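K.L.:
Generate a structure from the sequence data that follows.
(one chain, ligands or ions: 2)
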Amino acid sequence: MPVAASDPVTALPGVGSGLAAKLSQLGVERVVDLLLHAPLRYEDRTRVVALAALRPGASSLAVGCVEHAEIRHGRRRSLNVVLADGAHRVRLRFFHFGAGQTNRLVPGVWLQVFGEVRAAPGGLEMVHPETRVLSGPADGQAPTDRLTPVYPTTAGLTQARLRGLIEPLLERLDESGFLPESLPDEIRADQQLPPLGEALRVLHRPPADADLAAVLEGRHPAVRRLAFEEMVAHQAGLRERRRRIRQRQAPRLVSSGGLLRQFLQQLGFEPTAAQRRVLDDVLTDIAGGEPMLRLVQGDVGSGKTLIAAAAAVAAAEAGWQTAFMAPTELLAEQHAATLAGWLDPLGLPVRSVIGGRTEDATRAALAGSEPLVAVGTHALFQSGLGFGRLGLTVVDEQHRFGVHQRLALRDQGEAGALTPHQLIMTATPIPRTLAMSAYADLDTSIIDELPPGRTPVTTAAVPATRRDAVVDRIAAACAGGRQAYWVCTLIEETEQVQARAAEATAEELTQALPDCRVGLAHGRMKSADKETVMRAFAAGNLDLLVATTVIEVGVDVPNASLMVIENAERLGLAQLHQLRGRVGRGRTESHCVLLYQPPLGELARRRLSALRATTDGFVIAREDLALRGPGEVLGTRQTGAVNFRMADVMRDADLAPAAQAAADRLLAAHPRLVALLAERWLDGGSEYASV
Ligand code: ADP
Ligand code: MG
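P.N.:
Ligands and ions are numbered 1, 2, ... in the order given. Coordinates of the predicted model:
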């Protein structure tokens, strides 16, 4: 039996566990993955370049006769060979060579060489070119009429080995049943895309006259075809997952509305029109018998917590519990406090479940059937807690969680016959086409309005050399009754190192600001201590809060109007935007100071100026996407949908709507092809199978 595309690579002749391990580092596990391993670039060995026409910088195929060869014993021993073609010469240099090579490369021998040409003091040279001894000058034809792929690889795995594995598979593309076509003709015709076999052949072995720039930039129909197929596979996977969830029964959270009205009345402010609209979406969803799968996107400070709280009130009124999950302890604590403030007066209990031990009383309450709101980190579902009557789960700041954590929270409620409704909230606004790819399983509502009375935050970038001036500004702010944050950032350091840096900064600022009450919050502090500090800051009993990035998400103290971010050049745009979102929440004019270590690199400079130019999260997200790529914008590499191999969410954005339409068509009419796509691109569909 010939090796099948879905077999592990070890099924191929000569591939043992050592090679398989290396391939695995490249994401190549199965035979088909080799074919989906796209070259980084190509080398042109399709024409022999006359020595007179060699140009520095280009990798070229050349032919000549060895005129001279000698071993030099300079700083490094080297074999130097002069290759001649009439009046023109090129020097070949080898630093690693054996007796075989010295014996072969002797005057009078005709050689074909391939390598990068460099300009050296004595003329042009090639260092360690590939060489082939020819029988004579007439034999100097190009060995191939196709371009040669150069693949991404890993230590100990040569290009030759990779090519040797992939080449024979290309020969099998026309073999029936090896790699069946997965897109129906009519869909390919619509998009004017070539068949699969042809696309893969172009990708790995473009003809000499192919538009290489188009291949490398993904504009070539062959590459578009593969990207499109991958996008269809992901869309279909997510849609299928959505369909399966939708088939389940959810509790109908229908409320009389009395408690909800009471909740809205005692808020002390009017929900914005955007909040009302989104809340309507949510209330309509949860009143239905299908599980809600709704993503609420809203920029930092747009008031997402209110939506979740109102939904929880409606759930409680219908007799059901809500689990509210936040990504950090600090945020969970803060949510617990906010929700208690809103819900206690309604007689709806709020229970917090934050790491460590969960009190017996809380356990019992969750397992019981009385409505309540449980607020916590992922400890909510990791500690084996059971909910008696879970009707709604809320995941706040979803971009901070992995998809598995999100699913685990929902599965928590799966014990019963009913599936809880899911409300997912994110402050990372993402462009529509990216959302289409990443969240194809979710319905989306957008809070596109900030509560009234907010004054935009003014942002300045200040070099660390002017740190003293920044400290003076804090002194002035405190003297004026305003509050400030000082965020200490260290990238890739342990929490312990971060904590120590924050402690040192807090000490230094306490000295420098004798009239300021300085507090400290970092990830290594006990929950209770952190909470005490946060409460003191929120109550206005501290003027300056020195913190690590633990305060990045969700923290809400409206009187804080000055934010200093140290080493701002090291943070990503999204994170800076989140941090800045901690100020500008009240009526006082707010400022954000991005303190940086000069000199600024090009990327850092662009990030800081983007941040100064706008406070609009959507604009920032687009810039972030352009600067860093989608995996980072979405925070973690959680959604298979964004971790594409062939497709590029930005580059292929125009394909997203067609891919979605194609996915729906396949789901409706070609279930067999959906399975084939899942198997090919989604690793057997396991990414979505657990749902
Ligand atoms: P985010 O969307 O970043 O989670 P929050 O829910 O924390 O925003 O809300 C930010 C602040 O705005 C909170 O203090 C909240 O009470 C307040 N807020 C929310 N909605 C309104 C509104 N409609 N009018 C005035 N303030 C509001
Ligand atoms: Mg929030």
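
K.L.:
Tell me how far whichever residue of the stretch 151-300 of the chain sits closest to ligand 1 lies from Phe387.
P.N.:
For the stretch 151-300 of the chain and ligand 1, the shortest gap (Cβ to the nearest ligand atom) falls at Phe269, measuring 3.8 Å. Glycine gets a C-beta too; all of them are placed from N, C-alpha and C. Distance, Phe269 to Phe387, using Cβ to Cβ, to the nearest Å: 31 Å.

K.L.:
In terms of neighbours, single out the busier of these two.
P.N.:
Using other Cβ atoms under 10 Å, the more surrounded residue of Phe269 and Phe387 is Phe387, with 25 against 11.

K.L.:
can I assume that one is in contact with Gln321?
P.N.:
Yes: assessed by Cβ atoms under 8 Å, Phe387 is found in contact with Gln321 at 5.6 Å.

K.L.:
Residues in contact with both of the two, list them for me.
P.N.:
366, 374 (Cβ atoms under 8 Å, 6 or more residues apart in numbering).

K.L.:
follow-up on the earlier one: what's the residue of the stretch 151-300 of the chain closest to ligand 1 sitting at in phi/psi?
P.N.:
Per-residue torsions, Phe269: phi -150, psi 170 (degrees, to the nearest 10).

K.L.:
Roughly how far does Pro121 sit from Arg91?
P.N.:
From Pro121 over to Arg91 the distance is 10 Å, taken as Cβ to Cβ.

K.L.:
Give the helix, strand or coil label for the closest residue to ligand 1 within the stretch 351-500 of the chain.
P.N.:
Taking Cβ to the nearest ligand atom as the measure, the point where the stretch 351-500 of the chain comes nearest ligand 1 is Pro451, at 3.3 Å. For Pro451, the reduced secondary structure class is coil; criterion used: DSSP: H, G, I helix; E, B strand; the rest coil.

K.L.:
now do Thr393
P.N.:
Going by three-state DSSP, the secondary structure assigned to Thr393 is strand.

K.L.:
How about the residues of the stretch 251-400 of the chain by ligand 1?
P.N.:
The stretch 251-400 of the chain has residues 269-272, 275, 298, 300-306 near ligand 1, with proximity defined as Cβ under 6 Å from any ligand atom.

K.L.:
Helices - which of the residues you listed land there?
P.N.:
When DSSP state H defines the helices, the subset of these inside them is 275, 304-306.

K.L.:
now those in JSON lines, with neighbour count and pLDDT?
P.N.:
Converted to JSON lines, those look like this (neighbours: other Cβ atoms under 10 Å; pLDDT from 0 to 100):
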{"residue": "Gln275", "neighbour count": "21", "pLDDT": "97"}
{"residue": "Lys304", "neighbour count": "24", "pLDDT": "94"}
{"residue": "Thr305", "neighbour count": "20", "pLDDT": "94"}
{"residue": "Leu306", "neighbour count": "22", "pLDDT": "96"}
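
K.L.:
Tell me who's in contact with the residue of the stretch 151-300 of the chain closest to ligand 1.
P.N.:
Phe269 is in contact with Pro451, counting by Cβ under 8 Å, 6+ apart.

K.L.:
longest strand in the chain, by residue count?
P.N.:
Ranked by residue count under DSSP state E, the longest strand found in the chain is strand 59-73.

K.L.:
Buried residues, it. List them.
P.N.:
Neighbour counts over strand 59-73 (16 or more other Cβ atoms under 10 Å) mark 59-66, 69 as buried.

K.L.:
what about the longest helix in this structure?
P.N.:
helix 221-246.

K.L.:
buried stuff in that one?
P.N.:
Per 16+ other Cβ under 10 Å, helix 221-246 contains these buried residues: 221-242, 245.

K.L.:
same check, this time on stretch 104-115
P.N.:
105, 109-115.

K.L.:
Stretch 453-471 too?
P.N.:
Within stretch 453-471, the residues that count as buried by 16+ other Cβ under 10 Å are 454, 457, 459, 461-462, 467, 470-471.

K.L.:
now Asp654: how far from Met436?
P.N.:
Asp654 sits 11 Å away from Met436 when distances are taken as Cβ to Cβ.

K.L.:
So which of these two has more stuff around it?
P.N.:
Set side by side, Asp654 and Met436 give different neighbour counts by other Cβ under 10 Å, the larger being at Met436 (21 against 10).

K.L.:
any idea how far that one is from Asp652?
P.N.:
Counting by Cβ to Cβ - Met436 and Asp652 are separated by 11 Å.

K.L.:
Next: Gly303.
P.N.:
For Gly303, the distance to Asp652 - Cβ to Cβ - is 34 Å.

K.L.:
Of the two, give the one with the bigger neighbour count.
P.N.:
Neighbour totals were compared for Gly303 and Asp652, and Asp652 leads with 21 against 18 (other Cβ under 10 Å).

K.L.:
how about the more buried one, what does it touch?
P.N.:
Asp652 sits next to 218, 224, 227-228, 231 when contact means Cβ under 8 Å, 6+ apart.
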